[in-house]
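In: Structure, please.
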Amino acid sequence: MRTHLVTALAVTALSFAAANAQAADLTGAGGTAIYPVLSKWADQYKKETGDSINYQAIGSGGGIKQIESKTVLFANTDMPLKSEDVAKNNLVQFPQVIISITPVVNIKGIKAGEMVLDGPTLANIYLGNIKEWDDAAIKKLNPTVKLPHTAITTVHRADGSGTTFNFTNYLSKVSADWKSKVGDGTAVTWPNGVGGKGNAGVAQYVQKVDGSIGYVEYAYVMENKLVYTDMINAAEKHVKPTMGAFQAAAANADFSKVKDFYLILTNQPGSKSWPITAATYMLLRKDSPADQNQEALKFLDWALKKGQAQAKALDYVPLPDDVIKQIEAHWAKELAWKTAMH
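Out: Down below sits the predicted model:
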């Protein structure tokens, strides 16, 4: 009886192994901004195909290093690479979804959306020129809000981060002082404050530290029930972080006129546009084994088309059909992608 049971179990194990022999195991690394939706895509994709997506959310800077060193099959970055860097490293770059970055605060008595900031004031807070929440500049923007005399603690990313790139790029556009003293990049020399690892690390710090302010991708606002601020945009209009505001900013993206889909979407025009919006990008290597690249593209194509409901549920903005067609044409040219086969 025992022998029969062992044999039966062995046969079952062999059958299971055979069934999964064709399943792909795809490795990726990079930005944390996309992780909330990417993890949902990966779960659903595995249910539908059996293929596993193993993604390390280590920040855009780490993702770029991993793909350049051929450690992973695909990488994600919220800072697009310039065409010369794409070519130099034998990469293919394309957008996957639109993300939005939101200031978040922990101030006693202040609820989500009760407070508004503008770009110059946000820059002065991070420069350390504004030190308390009841500073005159903040009061002027919020005349009806009861602001406490609480010291401000700024929270930033400790790792190389595309979220940081877009946040600091925005501050550089709205503050000459910020541009000359700090500038933009995936990592900058912060004038003050504390650093958290990943969007999740920034969210955790803000939740713990009274009087703190940070910046995170909007999905983390929802996941962690953070207190967000509204913003004054480039048109000098008061906007809330909503899907409509994110879509209004994203509507300015014309990928057809740029090489390697390189676009920076911060501080877009339009009365309804959210000011800190970005495309998040995927990177693949041209010299990876063709069959592996095809497996990665199958997943990323599935996410572009079938993952839109999950993206919208977390307030990411899916790419429109015409952009998806541009991306697939780029794959066909650079990676021999055959749309008809998939």
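In: Residue 55 reaches residue 36, doesn't it?
Out: No - using C-beta atoms under 8 Å, residue 55 makes no contact with residue 36, being 11.6 Å away. Yep, even glycine has a C-beta here, placed from its N, CA and C like the rest.
In: Next, count neighbours for residue 33.
Out: Using other C-beta atoms under 10 Å, residue 33 has 32 neighbouring residues.
In: That one contacts residue 99, doesn't it?
Out: Yes - using C-beta under 8 Å, residue 33 is in contact with residue 99, at 4.8 Å.
In: Helix or strand next in line after the helix or strand where residue 169 lies, which one?
Out: Here residue 169 is covered by helix 162-174, with elements defined by DSSP states H and E. Sequence-wise, the next helix or strand downstream of helix 162-174 (DSSP H and E) is helix 176-181.
In: for that next one, packing partners?
Out: Identification of packing neighbours for helix 176-181 by 3 or more C-beta pairs under 8 Å, 6 or more residues apart in numbering; DSSP states H and E yields helix 119-127, helix 162-174.
In: which of these sits most buried?
Out: With neighbours defined as mean count of other C-beta atoms under 10 Å, the helices and strands packed on helix 176-181 peak in mean count at helix 162-174, which reaches a mean of 26.
In: helices or strands up against that helix?
Out: Counting contacts by 3+ C-beta pairs under 8 Å, 6+ apart, helix 162-174 packs against helix 60-68, strand 91-106, helix 119-127, strand 153-157, helix 176-181, strand 212-217, strand 277-285.
In: can you put these in TSV and add mean pLDDT?
Out: Formatted as TSV, the helices and strands packed on helix 162-174 follow (pLDDT from 0 to 100):
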stretch	mean pLDDT
helix 60-68	97
strand 91-106	98
helix 119-127	98
strand 153-157	98
helix 176-181	98
strand 212-217	98
strand 277-285	98
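In: Looking at these, which is nearest to residue 311?
Out: strand 91-106 (5.5 Å; C-beta to C-beta).
In: ok, and what's touching the next helix or strand after that closest one?
Out: Downstream of strand 91-106, the next assigned helix or strand under DSSP H and E is strand 116-117. Under the contact criterion C-beta atoms under 8 Å, 6 or more residues apart in numbering, strand 116-117 has outside partners 103, 125, 138, 141, 142, 229, 230, 231, 232, 238.
In: rerun at 6 Å
Out: Here strand 116-117 makes contact (C-beta atoms under 6 Å, 6 or more residues apart in numbering) with 141, 229, 230, 238.
In: So which of those residues are in helices?
Out: If you go by DSSP state H, the contacts of strand 116-117 have residue 141 in helices.
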